[in-house]
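In: Need a 3D model of the following:
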Amino acid sequence: MKAPRLLFALILTLAAGMVGARPAAAQIKIGYIDSRKILETYKEALDVRKKLQELDLQWQREAKDMEKQIKDMQERLEAQSLLLSEERKQEMQQEIQTLYLKYQQFLQEKWGQQGEAVKKEAEFLQPVFDKINAAIRKIGQAEGFSYIFDVVNSNILYASEDQPDLTDKLLEELNKGLPAATTSTDTKK
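Out: Residues are numbered from 1 along each chain as shown. Now for the predicted structure:
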C-alpha cells in the first residue's frame, strides 16, 4: 500500500516542479478520483455487481447439486457394498470418479483464472468503465485539468494533450554512456 502512495507523491512532486519551470500563465491543475468509491456507489456499477452476484449464486447452486449427486452416489455405494459384485462396485466407483472430474472441470470453467466469472465481469464492466473514462475526460477538458489521478491505483486517468511527454528524453538520459542496443537484423550478420 505504501508503494502506490509513494508513487503518487513522487508524481505530484514532479508535477509541482514542472509548475515552477513553466510560465505563470501555464499553471498545472491536478485532480484525483477514488475509483473504489465510484465502483461502490455508481448505480450502473452496482447493477453490474448485482447481476454478477446473481450469476455467481446460480453457479454455486449448480456446484452444490453436483456435490450432492456425488455424495449420494458414494453413500449408495457404501450402503450396497456388501450386496454388489466387484464389477458393479468398480462401475459405480468409476461413475463417481467421472462425476467428480466433471465437478472439478465445472469449478475451473466458472471460477478459474480464465473462467467464465472473470470473462463475464470484464464483459459487464467494460461499458461502465467506458462511461467513467469518458466522464473523466469530459471533466478534465471542461475544467482545464492537466492531470487527473486515481488515488487507489496511483494511475494517471487523464492528461491534457498540451502536457510534455518526457519519455524520449528519459530514455536518452538513461542510455547515455551505454552501448547502442542491437536490433534483430544486427544479430543475423
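
In: switch to C-alpha atoms for all contacts and neighbour counts from now on
Out: Noted.

In: Show me where the chain has its helices.
Out: With DSSP state H as the criterion, the chain has helices at 2-21, 35-41, 43-80, 86-111, 116-142, 167-175, 184-187.

In: Residue 148 contacts residue 35, doesn't it?
Out: No. Judged on C-alpha atoms under 8 Å, residue 148 makes no contact with residue 35 at a distance of 11.7 Å.

In: Would you mind telling me which of those two has the busier surroundings?
Out: Taking neighbours as other C-alpha atoms under 10 Å, residue 148 and residue 35 compare with residue 148 leading, 21 against 15.

In: got the contact list for the more buried one?
Out: Contacts for residue 148 were tallied using C-alpha atoms under 8 Å, 6 or more residues apart in numbering; they are 30-33, 136, 140, 156-159.

In: 6 Å instead, please
Out: 30-32, 156-158 (C-alpha atoms under 6 Å, 6 or more residues apart in numbering).

In: Quick check: the farthest pair among the residues you listed?
Out: Using C-alpha to C-alpha, the two most remote members of those are 30 and 157, lying 11.2 Å apart.

In: pLDDT weak spots in the protein?
Out: 1-26, 181-189 (pLDDT under 70).

In: ok, now which ones touch residue 116?
Out: Contact analysis of residue 116 by C-alpha under 6 Å, 6+ apart lists residue 110.
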